[in-house]
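# would you be able to build a 3D model of this:
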Amino acid sequence: MKLAVTAWDLSSVEALQRIPDQAAKAEAMGFEGFWLPENHFAGPAALSAPLILLAAAAARTSTIDLGTTSLVLPIRHPVSVAEEVAMLDQIAQGRLILGLGRGFSEDLFDVFGVDPRQKRALFKQSLTRMLSIWSGQAIHHKDDRELYLSPRPYQSPHPRLWIAAFGPLALKQAAAFGCPYLASPMETFSELSQNFAQYRAALKAADQEQPDVVPVMRTIFITEDAGLATAVREQLGQESRRAAAQDQPDQPDQPAFIVGAATFVQDTLARYSEDLGVNYLIARGRIKGITEAQQLASHAALITLFR
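The predicted structure follows:
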């Protein structure tokens, strides 16, 4: 299983300035991917331009893949995205994985003047045009002139593309493009199992091959301190229930996070591999109340499990 990690500190502008250092640290620890989310209007922790920060991270690293967990496509112009992504892929020398999403925040759509009812149609139109541009087709025709993208992406014909999806319509859209499906980190194991089944059925219906990579993003914390593990599980359970507007506790064998001793985490991840076919793990940190030292110790323990 390939191991990747999200940035573990996005708490302030100063933390964002240290993103290149975090990427370099992740590479030195042995992780194979470093991933950034996108969020807007979230105060000091807002991360509205992940491609810019990944360009800075590319300059500090040499081997680690650099990815976006969900670049919100409907709020952007497809030509601009195609150009910026091609340039970043050149800077990173082919290490970019572009995770794309449709977005869900009503405030975000209002600010950017996007009708949320059109987000899937806009996503399809934008990605279709980007694929055309990256493949070398003309961006624009005017009189006798044709305009083309330059430079083209380092990877041919384009960077690796993953599509974040939550719900049957989004799963069908990911399958229609033949891209790996990146699940929400808030989905339980049972929900993931159902979604992977729907996604694979949609791949078959769209006459698309199963992608080689099967990714999943999970909040992971490894500790041999049973009391600390219990406290972290309770906190993450409360957060996930608030996010899902649920009153009932998570079923103990199906949480949307993996917290506990190294052997428990190893056994749980083996289930993801055996039952779901997962072969690329993005470990998500940023747990409230956990220090950076504790999070990095957990990440180091995760690396040890698979190396």
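
# list the residues that contact Phe109.
Going by Cβ atoms under 8 Å, 6 or more residues apart in numbering, Phe109 touches Pro74, Ile75, Gly103, Asp115, Pro116, Lys119. Glycine gets a C-beta too; all of them are placed from N, C-alpha and C.

# and it, helix, strand or coil?
Look at Phe109: counting by DSSP: H, G, I helix; E, B strand; the rest coil, its state is helix.

# that one and Pro74, how far apart?
Counting by Cβ to Cβ, to the nearest Å, the gap from Phe109 to Pro74 is 8 Å.

# close enough to count as contact, Ser62 and Ala23?
No: contact between Ser62 and Ala23 fails when scored by Cβ atoms under 8 Å: they sit 10.7 Å apart.

# these two: who's more crowded?
Using other Cβ atoms under 10 Å, the more surrounded residue of Ser62 and Ala23 is Ala23, with 27 against 11.

# quick check: closest non-adjacent residue to that one.
Ala57 (3.7 Å; Cβ to Cβ, 6 or more residues apart in numbering).

# in a strand, that neighbour, correct?
No: looking at Ala57 with three-state DSSP, it is helix, so not inside a strand.

# surely it is in contact with Asp21?
No: with contact defined as Cβ under 8 Å, Ala57 does not reach Asp21; the gap is 9.1 Å.

# thinking again about what came up before, quickly list what's touching both of Phe109 and Pro74.
In contact with both Phe109 and Pro74: Gly103, Lys119, using Cβ under 8 Å, 6+ apart.

# re earlier: got a list of what the residue nearest to Ala23 touches?
Ile19, Pro20, Gln22, Ala23, Ala24, Phe34, Leu66.

# now distance to His158 too, for those residues, in CSV please.
Below are the contacts of Ala57 laid out as CSV (distance: Cβ to Cβ, whole Å):
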residue, distance to His158
Ile19, 24
Pro20, 25
Gln22, 26
Ala23, 22
Ala24, 26
Phe34, 20
Leu66, 15
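
# thinking Gly289 is in contact with Glu239, fair?
No: between Gly289 and Glu239 there is no contact under Cβ under 8 Å: 11.4 Å.

# neighbour count winner among those two?
Neighbour count, other Cβ under 10 Å: between Gly289 and Glu239, Glu239 has more, with 16 against 9.
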